[in-house]
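**Student:** one predicted model, sequence on top.
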Amino acid sequence: MLRPLGVQIVRGHSDDPAIQPFLSARKTLAASRRAGMSVEEYIDHYSAAPGATMETVDALLRLADFSEKVERVCEIGAGSGRYAARVIISTYPDSYEIYETAGDWLPRLRALPNVVLQPADGHTLSATPAGSVDLVHAHKVFVYLPLVVTIGCLDEMARVVRPGGVVAFDVVNEDCLDDEMTENWVASGATLYSMISRSWLLKRLAQRGLSLLGSHFVPLSGGRTELLVFRRA
């Protein structure tokens, strides 16, 4: 009925209300152009943390200490592609798989080198075979998701990484909280962030063959997250 009007209805990437886009592509791209900044620079400044994207990727690669060529990478929730672009230019992978539920960012992600956009349901990495990637990572994703969704994604990351490969992501845990961060959140009524127990998380991932290589604190609006980097046995 709508096709004569030039409108077609298509199925979205995820209809789960727990999996919602965070930043509008159209508004973010327009704002970055008005500010005369790259998208990476604009989002970093928007989050009151200039340079945070580069710092995060540098910390990840330093802790991962890849001794061989990185052939296959997988990222969950790449969004604007700011982390993807940094990782690609630093590692030159043959294939860079992306799972992204926000359809408005997909044209930008598709333009990155060697990117493969996988069907994203917000819960699984179903198109990626077990033990197939050298690096699977996520940034500023799990801090916004319900705990059960995060746990499922972490299990999937452990599944798809190859032996000797690296899993990296950031979360808000008890080591991130201090009096200033807590007071900021209370004063601002911040209800969008999710927390996870660090000790419980390390134990669960150890049971899945992941050992912690190290960590790095990453700025978050009003506080910080902890980037955790693991290697698969």
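**Tutor:** Now that the structure is in, tell me what you want to look at.

**Student:** for burial, what's the neighbour tally of residue 51?
**Tutor:** Per other Cβ atoms under 10 Å, the neighbour tally for residue 51 reads 13. Where C-beta positions appear, they are placed from N, C-alpha and C, glycine not excepted.

**Student:** and the pLDDT for it?
**Tutor:** pLDDT for residue 51: 91.

**Student:** do residue 221 as well
**Tutor:** Taking residue 221 on its own, its pLDDT is 79.

**Student:** same check, this time on the one 4 residues further on
**Tutor:** You'll see residue 225 listed with a pLDDT of 95.

**Student:** what is it paired to in the beta sheet?
**Tutor:** Beta-bridge partners for residue 225, by DSSP bridges, are residue 218.

**Student:** is it true that residue 192 touches residue 144?
**Tutor:** Yes: using Cβ atoms under 8 Å, residue 192 makes contact with residue 144 at a distance of 5.9 Å.

**Student:** give me the more crowded residue out of the two.
**Tutor:** residue 144 (17 against 10).

**Student:** wait, the more buried one touches residue 195, no?
**Tutor:** No: between residue 144 and residue 195 there is no contact under Cβ under 8 Å: 11.5 Å.

**Student:** give me the low-pLDDT residue ranges for the protein?
**Tutor:** 1-22, 48 (pLDDT under 70).

**Student:** excluding its backbone neighbours, what's nearest residue 119?
**Tutor:** residue 127 (5.9 Å; Cβ to Cβ, 6 or more residues apart in numbering).

**Student:** ok, now which ones touch the nearest residue to residue 209 once chain neighbours are set aside?
**Tutor:** Nearest residue to residue 209, sequence neighbours excluded (Cβ to Cβ, 6+ apart): residue 233, at 4.5 Å. Contact partners of residue 233, counting by Cβ atoms under 8 Å, 6 or more residues apart in numbering, are 163, 209-211.

**Student:** and what of residue 197?
**Tutor:** Here residue 197 is in contact with 173-174 (Cβ under 8 Å, 6+ apart).

**Student:** can you turn the buried part of the contacts of residue 233 into a PyMOL selection?
**Tutor:** One line in PyMOL is enough to select the buried ones among the contacts of residue 233; burial here means 16 or more other Cβ atoms under 10 Å:
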select buried, resi 210
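
**Student:** out of the contacts of residue 233, which are inside strands?
**Tutor:** Judged by DSSP state E, the contacts of residue 233 include 163, 210-211 as members of strands.

**Student:** relative to residue 157, how far out is residue 131?
**Tutor:** Distance, residue 131 to residue 157, using Cβ to Cβ, to the nearest Å: 12 Å.

**Student:** of those two, who's got more company?
**Tutor:** Neighbour count, other Cβ under 10 Å: between residue 131 and residue 157, residue 157 has more, with 26 against 12.

**Student:** now the more buried one: how far from residue 60?
**Tutor:** 14 Å.

**Student:** now residue 171
**Tutor:** 14 Å.

**Student:** the two: which is more packed in?
**Tutor:** residue 60 (27 against 24).

**Student:** so what's residue 25 closest to, chain neighbours aside?
**Tutor:** Of all residues not flanking residue 25 in the chain, residue 104 sits nearest, at 3.8 Å (Cβ to Cβ, 6+ apart).
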